[in-house]
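> predicted model, plus sequence, below.
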Amino acid sequence: MSARLRGLAALLCLAAACAVPLDPPPAGPPDGGGPPRRGGVLRLGAADDPHTLDPARGYDTASWSFELMLFDTLVAYDAGTNLVPALATSWEQSPDGRHYTFRLRPDARFSTGRLLVAADVKFSLERLLKPTIHSQGAEFFSGLEGAADFTAGRAREVRGIVAAAPDRVELTLREPDPLFLHKLAMPFASVVDPETVVRVGDDAFAQHPVGTGPFRLAEWVYGQRLRLERNPYYFRAGLPYLDGVEVTVGVSDQLAWFKYQRGELDLAGIPSAEFARVVADPRYRPLLLRRTTLTTQYLGMNCALPPFEAVEVRRALNRAIDKQRLLALIDGRGVVAEAILPPDMPGYDPTLAPYAFDSGRARAELAAAGHADGFATTLWATRDDTTLRIAQSIQQDLRAVGIALAIKPVDFPALLEAVRRPGMVPLFLMGWEADFPDPSNFLAVLFHSRNRETNNNTFFADPAVDRLLDEAEPLPAGPERWQRYHEAEVRILAQAPWVPLFHPASFAVRHPRVRNYRLHPLRPARLEAVWVAW
């Protein structure tokens, strides 16, 4: 799976710490006011412990949040979706697009004090590919030359990963991959300390993580708290500003509300009951954080099941659903989706809006498809309250055009399994969150015919779309690549396998003492530049 599926409830909580108090804390200077101050501890709350602190094994937002504090990758993202140097100061790519040379920082050290060398990068990437690690990230690096032989046990090392000199790593692919640098920016590709891995073992490394990141693990009392402290060897001069980060585990939404109100938590989410009041309160405005994410929430239609094999029926549903009302149901935490790609995605076209809300035209299209009297069908959705409210709103809209919609609530794992079975699920609510900022992460993964029964859960197939996606795949980032994907998106929208609903936005509230905390469209927030004013 090359991006992350999400249920609606999870999508709306990407940046939420918990809840927000009825009254804001005392007003303070605006975010970023004054010179940064070293010292202090950032206090956070979490309902559960992270799944893991081993970057080879983490593939969830909570784990990634901690891994970004403990580890670094060769390349990373800036405040948006542009790649910038991290452990690599620079890189070169061969003309054929298969060979990369990375120059490493001379001052990067693990939190033990040992200097980083190229052999550490090789060890980390090969460890990620070891079958015994069972990493979900291994698929992203299977294109390295010799990876197949290594994972099959036919070779003791990956010949496409070469520590050419202490400060130089060379990576060779079997064939060009325009997304390879983005894959290297994923937490899976974090550089770990081989000495620690060998000393404690692969399985225990999650409890004893050692990387080059701005913080190091000081304490983890499972089910109670995690405490991170400043890495004194961090290579970015003067960073991090914080002495540490403390996370209290087992904090429910209600408890977090009171902790924030008492000044015991520094970041919080906004509960639905308070959202409208909080965002309208001028006392909160300088404390609010908002960021759209590379995510699309959608209604999927099974193009292989009647009546949704008829494009007129699919187009009718696109016109029948009032998306503005759906947005109101989630307190406006997002923007209406008119197309497939989300904002901040390269190739996103804000002018694409092929289907306006029009119940009358929807009824006419249903009649033209032979369904003047409507039909009955079933919508599968996760059983959380927010998703069911969305489903009930869609049910009401479709009833207005003659469609009798039954709602089938299921757990998310059951939904994920069911949508991949041909002929089982006619309609479903799902979300898709990108792993890296490229249109292929949506369009190829979700709509290419080769991906039916994996991630193409609408069982959509169009040879012309396949051709456009295949033509775009080897092209480097730039206008020609974006144009091919744009043409594919336009054609997919014309055939309407989805009703794009909305692109969720992350919201949070900071304590006035917290400065320079920024939400990111693609990754959890990084904390090395965060500081506290008192």
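Yep, it's here. Numbers count the residues shown, from 1 in each chain.
> these two touch, right, Val499 and Gln297?
No: applying Cβ atoms under 8 Å as the test, Val499 and Gln297 come out as separate, 10.0 Å apart. Just so you know, the C-beta spots here come from the backbone N, C-alpha and C atoms, and that holds for glycine as well.
> mean pLDDT per helix and strand in this protein: which one sits at the bottom?
Here the helix or strand of the chain ranked lowest by mean pLDDT, DSSP states H and E is helix 8-11, holding a mean of 46.
> can you name the next helix or strand after that helix?
Per DSSP states H and E, helix 8-11 leads on to strand 41-46 as the next helix or strand towards the C-terminus.
> which residues touch that next one?
The contact list for strand 41-46 (Cβ atoms under 8 Å, 6 or more residues apart in numbering) reads 17-18, 62, 242-249, 251, 255-256, 259, 264-268, 514, 527, 530, 532.
> next step: these restricted to helices.
Using DSSP state H, the subset of the contacts of strand 41-46 located in helices is Ala62, Leu255, Ala256, Lys259.
> most neighbours, which of those?
Ala256 (27 neighbours; other Cβ atoms under 10 Å).
> surely it meets Leu265?
Yes: applying Cβ under 8 Å as the test, Ala256 and Leu265 come out as touching, 6.1 Å apart.
> the stretch 401-534 of the chain: strands as residue ranges?
403-410, 427-433, 498-510, 514-515, 531-532 (DSSP state E, counting those that start in this stretch).
> give me the more crowded residue out of Val499 and Gln297.
Gln297 (26 against 22).
> tell me the confidence at that one?
On the pLDDT scale, Gln297 is placed at 97.
> next, it: secondary structure please.
strand (DSSP: H, G, I helix; E, B strand; the rest coil).
> for it, give its distance to Ile394.
12 Å (Cβ to Cβ, to the nearest Å).
> redo the strands of the stretch 401-534 of the chain as JSON lines? Include distance to Pro476 and mean pLDDT.
Output for the strands of the stretch 401-534 of the chain, formatted as JSON lines (distance: least, Cβ to Cβ, whole Å; pLDDT from 0 to 100):
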{"stretch": "strand 403-410", "distance to Pro476": "42", "mean pLDDT": "98"}
{"stretch": "strand 427-433", "distance to Pro476": "24", "mean pLDDT": "97"}
{"stretch": "strand 498-510", "distance to Pro476": "26", "mean pLDDT": "94"}
{"stretch": "strand 514-515", "distance to Pro476": "38", "mean pLDDT": "95"}
{"stretch": "strand 531-532", "distance to Pro476": "38", "mean pLDDT": "96"}
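> which one of these lies nearest to Glu145?
strand 427-433 (30.1 Å; Cβ to Cβ).
> does anything pack onto that closest one? Which helices or strands?
Secondary-structure packing of strand 427-433 (3 or more Cβ pairs under 8 Å, 6 or more residues apart in numbering; DSSP states H and E): strand 4-6, helix 8-11, strand 295-301, strand 375-382, helix 385-399, helix 412-419.
> and it, which residues are buried?
Within strand 427-433, the residues that count as buried by 16 or more other Cβ atoms under 10 Å are Leu427, Phe428, Leu429, Met430, Gly431, Trp432, Glu433.
> hey, what's the first one bridged with?
According to DSSP bridges, Met301, Leu379 are recorded as the beta-bridge partners of Leu427.
> mind checking how far it is from Ile407?
10 Å.
> Ile492 against Phe460, yeah?
Yes: counting by Cβ under 8 Å, Phe460 is a contact partner of Ile492 at 7.3 Å.
> overlap in contacts of those two?
Joint contacts of Ile492 and Phe460 (Cβ under 8 Å, 6+ apart) are Phe447.
> show me where the chain dips below the pLDDT cut-off.
Across the chain, the ranges flagged by pLDDT under 70 are 1-33, 254.
> quick one, which of the strands of the stretch 401-534 of the chain gets closest to Ser111.
Between Ser111 and those, the shortest gap by Cβ to Cβ is with strand 531-532, which sits at 20.3 Å.
> list of residues touching the closest one?
For strand 531-532, using Cβ under 8 Å, 6+ apart, the contacting residues are 36-42, 241-242, 266, 513-516.
> for stretch 239-252, same thing?
Applying Cβ under 8 Å, 6+ apart, the external contacts of stretch 239-252 come out as 18, 36-49, 69, 214-215, 218, 222-231, 234, 259, 265, 527-532.
> tell me the contacts of Val465?
Val465 neighbours (Cβ under 8 Å, 6+ apart): Phe447, His448, Ala488, Arg491, Ile492.
> neighbour-wise, which of those residues leads?
Ala488 (28 neighbours).
> excluding its backbone neighbours, what's nearest that one?
Among residues not flanking Ala488 along the chain, Leu468 sits closest, at 4.0 Å (Cβ to Cβ, 6 or more residues apart in numbering).
> tell me how far the one you found lies from Ala280.
Counting by Cβ to Cβ - Leu468 and Ala280 are separated by 45 Å.
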